[in-house]
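>>> only geometry, no sequence info:
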């Protein structure tokens, strides 16, 4: 079961470049565990952050995501500013991508997909000095029980995100 | 072209029950046009509201949505309170659901879908007195140029939303 979860997460990370990162002042972090390598904890209050965009990954993932940003992230996105300034945090809230039987019954057509159970939450945090060796970004991954991703997982984040054309970030702003 | 757009919107509304609603104190409304029947304008600042969930509709729609809520909506969702209290506003920001060639190139697999151009924004506003004849909800639809949906379109909202099991609302909260 644990192996399955790890395998799933590795697939997510390798194929989606999905490991993102979070650092933040200690006071803005949750009391949970920090991820290895980048030392990032879950930022407090991230579920209240504003929307950057949404995403959907198929392949082996069947994943639905909401991408949220802290104030620095939203400001940078809206101004089209690159590279992202230090303090930027981007959160990816991942869920399963599942059909809604309830909606399809009303619509009379199997067309509606909604978030299934949450699978993980990932963060990217910009700190150009602290994370200089990974493009200025720290990356974090947490399972829904708050357990951080392991070192092997976190090592896959930066190489994939380095292939994104806009300062390691795949997600564009949805107006 | 205009007929195509109207046909598309009607499909959206009829099949997705997608007409949602927005009323609000006049001071919180934009200066644009109001929709017919419900007299709702675009609420100011709705793009800064917090996330309720995400949605994806196939069939003839190929639609991607972010569902946001004002403070009253978020509070009610988090408390699991039904019916939604007066003042609740739920916003559905609709985009095309399109493949990301950019991401797929990096991932080496045609698996990544992102929001395409925005198509419309819809609102549901709870005012149990003002909108008593439609379950206490007013509905609004705006094209991306701010032009409101017409009367024929808006008449389709309430009958479909009445079939949702939770006080006319299809969308559940994504934790």
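Perfect, thanks for sending it. From a predicted model like this one, the values you see are computed outputs, not experimental measurements.
>>> any idea how far the lengthiest strand in chain A is from the chain center?
Using DSSP state E, we find that the single longest strand of chain A is strand A:112-126. Relative to its chain's centre, strand A:112-126 lies at 7 Å (C-alpha atoms, centre = their mean, to the nearest Å).
>>> buried residues in it?
A:112-116, A:119-126 (16 or more other C-beta atoms under 10 Å in any protein chain shown). Just so you know, the C-beta spots here come from the backbone N, C-alpha and C atoms, and that holds for glycine as well.
>>> and it, is it in reach of chain B?
Yes. Applying C-beta under 8 Å from any C-beta of the partner chain, one finds strand A:112-126 touching chain B at A:112-115, A:118.
>>> following element in sequence after that strand, please.
strand A:137-143 (DSSP states H and E).
>>> following that next one, which helix or strand comes up?
Assignment by DSSP H and E places the next element after strand A:137-143 at helix A:151-154.
>>> ok, of the buried residues of strand A:112-126, which one's closest to residue A:63?
Residue A:63 lies nearest to residue A:119 out of the buried residues of strand A:112-126, by C-beta to C-beta, at 6.9 Å.
>>> what bridges to the most centrally placed residue in chain A?
Note on chain A: the residue nearest the mean C-alpha position is residue A:92, at 2.7 Å, using C-alpha atoms, centre = their mean. Beta-bridge pairing for residue A:92 (DSSP bridges): residue A:67, residue A:122.
>>> I figured it hits residue A:69, correct?
No. Using C-beta atoms under 8 Å, residue A:92 is not in contact with residue A:69; the gap is 10.3 Å.
>>> could you measure from residue A:134 over to residue A:65?
Residue A:134 is 21 Å from residue A:65, where distance means C-beta to C-beta, to the nearest Å.
>>> more neighbours: those two, which one.
residue A:65 (26 against 20; other C-beta atoms under 10 Å in any protein chain shown).
>>> present the residues of strand A:112-126 next to chain B as CSV; the columns should include pLDDT and distance to residue B:166.
Shown next, in CSV, are the residues of strand A:112-126 next to chain B (pLDDT from 0 to 100; distance: C-beta to C-beta, whole Å):
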residue, pLDDT, distance to residue B:166
A:112, 95, 15
A:113, 96, 18
A:114, 96, 13
A:115, 97, 16
A:118, 97, 20
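>>> do a quick rundown of the strands in chain A.
For chain A, the strands defined by DSSP E cover A:50-57, A:63-69, A:89-99, A:112-126, A:137-143.
>>> least confident secondary structure element in chain A?
The helix or strand of chain A with the lowest confidence, counting by mean pLDDT, DSSP states H and E, is helix A:2-16 at a mean of 40.
>>> number of nearby residues for residue A:80?
For residue A:80, using other C-beta under 10 Å, the count is 8.
>>> ignore what I typed, I meant residue A:81.
Residue A:81 has 12 neighbouring residues, counting by other C-beta under 10 Å.
>>> next one: residue A:165 from chain B, what distance?
7 Å (C-beta to the nearest C-beta, to the nearest Å).
>>> now that residue. Nearest residue, chain neighbours left out?
With C-beta to C-beta, 6 or more residues apart in numbering or on different chains as the criterion, residue A:165 has its nearest non-adjacent residue at 6.8 Å, and that residue is residue B:102.
>>> relative to residue B:155, how far out is that neighbour?
On the measure of C-beta to C-beta, residue B:102 and residue B:155 end up 41 Å apart.
>>> rebuild the strands of chain A as JSON lines, extending it with distance to residue A:35.
Below are the strands of chain A laid out as JSON lines (distance: least, C-beta to C-beta, whole Å):
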{"stretch": "strand A:50-57", "distance to residue A:35": "21"}
{"stretch": "strand A:63-69", "distance to residue A:35": "18"}
{"stretch": "strand A:89-99", "distance to residue A:35": "14"}
{"stretch": "strand A:112-126", "distance to residue A:35": "9"}
{"stretch": "strand A:137-143", "distance to residue A:35": "4"}
